[in-house]
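K.L.:
Here is a sequence together with a model predicted from it:
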Amino acid sequence: MNKIKSTLFIFISPWILISANLFFVGSFSLAKLLTKETSVAVIMFFRFFAGPLYLIPYCALKRDSIKMNSWRLLLFRVFCGVSAMSCLFLAFKFGDIGKSTLIFELSIIWTVLLDMILFKKIPHTYSLASIPIAFLGLFFILNPTNLIIISIGEGFALLGSLFNAGVYISLKRLRDKYNTVTVVFWTYLISSIILIVPAMPHLAALTSGNFKLLITMSSIGFIGQLLMTLGFKFSTAGISSLFMISIIPLTTLSGIFIFGEVYTGLTLTGMGLIFSSLMVIAKYR
């Protein structure tokens, strides 16, 4: 019975990951909508506070231990996570959701490069060949005539991708010792405590409509996190990464149909080059 159950999950796990991305896209789209009237600090606070809010009852019912001893590594994870998501939401505020998400996902490349430098892990030949192609795509997206001038949104997305590489590196080490619930609970709890300080002055100005949107954004984002965790459990790392990259075309479609974003042929070419490169790296690295 257990073998049949595992086989079934392996078959449906790609669809679980795609569903996770649909929830993430919904959450990101609401976040971009909220940035018009709501402080990014408030959006971030609600996003992270959803973690302990939903996980405390779960841990109480399951009686799971959430003991944490690697505080220095966890705080590094929190710093990188808060910085990365703040940059991403600021990129949504000042730029396009599709382009911002694509640039943000360059963190996959930074992680590969850090693995080479810090841990002497040499990636697959195809992955190495894909890196310069991704940079060519980035060149097309940012500004092929004058790289000194890039938009604020693109700048925040690029900076966020660097912080997100730190999230990946620290998360790998934390997962060697702790389960997903423990890492998510403490990361989200500490992040929400930090963010309450900059968010506090803006909370009183929230309208009931924006409050409902914040709750919805946080809830569907948390559901996406759970689905992603479940999908990763029953898929290989390469397959999981490939399906998670589907968030790029999904957010691009969201930008076009919901926010009326328009992309030039050169920008679309650059996006295609980066997306193709990330797919190769996710599969072969």
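P.N.:
The structure has been received and is ready for your questions.
K.L.:
For stretch 218-231, buried residues please.
P.N.:
By 16 or more other CB atoms under 10 Å, the buried positions in stretch 218-231 come out as 218-228, 230-231. (Glycine included, C-beta is placed from N, CA and C.)
K.L.:
Export those residues to CSV and append columns for distance to F119.
P.N.:
What follows is those, written out as CSV (distance: CB to CB, whole Å):
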residue, distance to F119
S218, 34
S219, 37
I220, 35
G221, 31
F222, 31
I223, 33
G224, 29
Q225, 26
L226, 29
L227, 29
M228, 24
L230, 28
G231, 26
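K.L.:
And those, which two are furthest apart?
P.N.:
Farthest apart among those by CB to CB are S218 and G231. That separation is 20.4 Å.
K.L.:
for the buried residues of stretch 218-231, which one is nearest L273?
P.N.:
For the buried residues of stretch 218-231, the closest approach to L273 (CB to CB) belongs to M228, at 25.8 Å.
K.L.:
can you give me the helices for the stretch 1-150 of the chain?
P.N.:
With DSSP state H, counting those that start in this stretch as the criterion, the stretch 1-150 of the chain has helices at 2-34, 40-62, 71-94, 97-104, 107-119, 125-142.
K.L.:
Any stretches of the stretch 51-200 of the chain with poor pLDDT?
P.N.:
Low-confidence segments of the stretch 51-200 of the chain (pLDDT under 70): 143-149.
K.L.:
try 90 this time
P.N.:
51, 54-70, 105-131, 134-154, 165, 167-185 (pLDDT under 90).
K.L.:
burial measure for L73, as a count.
P.N.:
Neighbours of L73 under the rule other CB atoms under 10 Å: 16.
K.L.:
Okay, it and R175: tell me how far apart.
P.N.:
Distance from L73 to R175, counting by CB to CB, to the nearest Å: 11 Å.
K.L.:
Equivalent analysis for F257, please.
P.N.:
The value you get for F257 to R175, if CB to CB is used, is 36 Å.
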